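Engineer: Sequence unavailable; structure follows:
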């Protein structure tokens, strides 16, 4: 049994390329998510079409450009250029100052500004228009003198669990989940399918090892690997991005272990239904990776999806695990709050193990 | 001089510090069935790969079919056929499609391909199976088909790398009949094998031990030289002598 | 040339005889478009709100009804206890809490200030800022209404009239934005994965040896291998565009010819990448993982989901090597905005450069290995 586990480790470690991918992938993914992926808008390029060019329009333009959100790409001469700059792709918004801006503003209290956004990216367009409007409103308030509202409702906004709104807080739990799934389910299913394909599975089956020992021997190295990976990501999250673990670390690790076992059971199940590496890979790829990323609330909030897809999400073990990780790490809750999710994962584990045993028995007969 | 179709002089091949082929020299006559024997790891496959232009030698002069293998490997490739120990037809294509593909990449005309295909299918009695995919055929048939495909472009030399591995005795017999037939039609056969009874079928045999050729002669002369009754004993004696 | 035709014929036979191939070609695009388009959205259409009304006055009830009336909000529960509400937030029963403290109405009537507190689950930072913005706008509206009602004041018109227009997508339809990008993914995954696995497969089953002893030239072999996937990928793009038009009514302002022209070059890049990977690996498993690894990085950084301009300098610099980013740009610009060749020439020539570079590297590696 011990020798058998060691053999599995040899297989894994001797394959340098797979090792690099297994350990490089989490690090690269976390770093990309943490540093490069951000849903905030910064430095959007805009163009200004100023028909007035007076002191006030220039002052307001300066205010807009000097904010963090915008960079001036170019000044336009007339409206026919707008289409061109949008088509060239860089400029996301055009701000148009009407004629006699300063005079209209001071004398008649009715100057006009038009904001045209490139809404081929609707999210960005919407945000940019909001930012611009905000800056213009501030400017107005400054100019018109701080009148203040006669009745003012002051609202205090509290951002719970992630006061700085870091996107990495959202991505870390997802990344851990995807990786555990990848390493545990995908690697085991392929590795068992490989033994079947090469015929070495037969050799193991005729050996005095019990089937349960064979399966354990296959699975234990991946448990260890997955665990190491999970801890690497948590350490990166903590030291590089300052993401806390508010709840109990032990509970988090125990839940991770449970999830790893679930994923391994799923991997074994996949390998019992597929007889070649290629099928195992395709199955893992389309049945695991895509849903893990898309239907788990990893990147995209589940609540916004159509009913059917939300219902589908409930079948994804990853959805439940991501909730657990977020709850423990960010909300700091204990088992009392997440027992339902935990039970669901335990149920799925039992289901996959049961299905595998049934499949396995059928094959032996 | 003119009779030699393969000339190997001082062939050495090193992989790092490991010497796979150590100063080999031998000549193969036109139309000969030449056996290339040796234990696993003796360097047979390396040598055969160099002769086919799949590997570059570290040093030495090697001519195959009158061309230098390191400089004119493409001319060499046009004149040889090759069948490896790994089964090399496309399993997901039919017999006919495999003939068509391999004939095509050797530059044969469509008519020639059709004629050859019919010829070999008739010979093997597989006319009815021509649209069957390879994967559903028994191993013995596949092996014979692979051989037919390897000689369909009428090469001057055919290299066979352990062609009969895992095949039953009857099929092996039939296979050797095909080899003799090819040799009779003027194709030189260069064959590696583990089966010492097959060595007896060869006109001349070389035996490699640890990267060197330790013996080269007709089977009869070799048995005489080592004073034993079978090629098997020759082989064992040579291998033991080494240890 | 004739040799290449024979290889082409063989590849097509193998591709179409493979029973998993046809589903991959036809079903994967459909599923991807359906699932990705509906899931890949950052829009927040519904916020679950828990209202803690500790004032229990006509004013507080009025404010609560404003939230109930908003299409963005579903009020899930009421309570007078903030603790109960926070518990609901922790249990994911609600996304946001509106707390109306005692004295809210009194503050309004006495024309002083009143206070409110909005607590948002901020684990998903971008969603949280959107949800706060929703709350802010409702409260602001309410505030101006009160001023009108209580003081009979007309809100003075803003001295600057701001009008805004959303070009190319006036309804801010998210599909319009996502679908062109998803089509890029589709083409990429098909071409890169299939080509990466194809040559490795011949290595694994040993037929590559047989090919190598034939007088066939390396370039003939490679060209023969890649052309079928080039056609399949272009076919996928056409199929995907038709689905996009029929299912999502994606606008196609620019020239489809230009799209296919750039796609032709782009697919050369992904095929080159697949080919390079296949020369670096010995088993299908390895090549699958390696392809997956590159794909994940390329996709995440491509600007498909998140805007490129908000990435840090170094990431934007790295993106200069990211073919997916270029092609997504081109697809969005040409389809949605009707950009012409001069607008996308930078992307086009970058792709061309990458295609030449990757394929040269791949052929060079392939020579060395075989």
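Structural biologist: Ah, there it is. Given the structure is predicted, the values throughout are model-derived calculations rather than measurements.
Engineer: What ranges does the stretch 1-150 of chain C have for its helices?
Structural biologist: Assigned helices in the stretch 1-150 of chain C, in chain order: C:2-17, C:21-39, C:58-69, C:82-90, C:104-109, C:125-151 (criterion: DSSP state H, counting those that start in this stretch).
Engineer: Is there proximity between the second one and chain B?
Structural biologist: To tie it back to what came earlier, the one meant is helix C:21-39. No. Using CB under 8 Å from any CB of the partner chain, helix C:21-39 stays clear of chain B, with a minimum separation of 10.6 Å. Yep, even glycine has a C-beta here, placed from its N, CA and C like the rest.
Engineer: Would you single out the least confident of the helices of the stretch 1-150 of chain C?
Structural biologist: Ranked by mean pLDDT, the helices of the stretch 1-150 of chain C bottom out at helix C:21-39, with a mean of 76.
Engineer: that older thread, of all the helices of the stretch 1-150 of chain C, which one is nearest chain A?
Structural biologist: When these are compared by CB to the nearest CB, helix C:125-151 sits nearest chain A, at 3.3 Å.
Engineer: quick one: the closest one near chain A?
Structural biologist: Yes. Applying CB under 8 Å from any CB, one finds helix C:125-151 in contact with chain A at C:125-129, C:132-133, C:135-136, C:139, C:142-143, C:146-147, C:150-151.
Engineer: residues contacting residue C:182?
Structural biologist: Applying CB atoms under 8 Å, 6 or more residues apart in numbering or on different chains to residue C:182 gives the contacts C:32-33, C:36-37, C:40, C:304.
Engineer: contacts with chain A among these, please.
Structural biologist: C:36, C:40.
Engineer: can you list the contacts of residue C:182 in TSV and add distance to residue B:100 and neighbour count?
Structural biologist: TSV is the format used below for the contacts of residue C:182 (distance: CB to CB, whole Å; neighbours: other CB atoms under 10 Å in any protein chain shown):
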residue	distance to residue B:100	neighbour count
C:32	36	20
C:33	38	23
C:36	41	21
C:37	44	19
C:40	46	22
C:304	43	22
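Engineer: For the contacts of residue C:182, work out which two are farthest apart.
Structural biologist: C:33 and C:304 (13.8 Å; CB to CB).
Engineer: what residue lies at the spatial centre of chain A?
Structural biologist: Central residue of chain A (CA atoms, centre = their mean): residue A:299, 3.4 Å from the mean position.
Engineer: Could you report the distance from that residue to chain C?
Structural biologist: 7 Å (CB to the nearest CB, to the nearest Å).
Engineer: Could you measure from that residue over to residue A:309?
Structural biologist: For residue A:299, the distance to residue A:309 equals 14 Å [CB to CB, to the nearest Å].
Engineer: go on, residue A:96?
Structural biologist: For residue A:96, the distance to residue A:309 equals 41 Å [CB to CB].
Engineer: Show me the helices in the stretch 151-300 of chain C, by range?
Structural biologist: Per DSSP H, counting those that start in this stretch, the stretch 151-300 of chain C carries helices over the ranges C:174-205, C:207-212, C:218-243, C:256-280, C:284-301.
Engineer: right, and residue A:168 touches residue A:34 too?
Structural biologist: Yes. Between residue A:168 and residue A:34 a contact is recorded at 4.3 Å, counting by CB atoms under 8 Å.
Engineer: overlap in contacts of these two?
Structural biologist: Shared contacts of residue A:168 and residue A:34, counting by CB under 8 Å, 6+ apart, come down to A:237, A:241.
Engineer: Just give the number of residues close to the closest residue in space to residue C:128 that isn't next to it in sequence.
Structural biologist: Once flanking residues are discounted, residue C:128 sits nearest to residue C:122: 3.9 Å by CB to CB, 6 or more residues apart in numbering or on different chains. By other CB atoms under 10 Å in any protein chain shown, 26 other residues sit near residue C:122.
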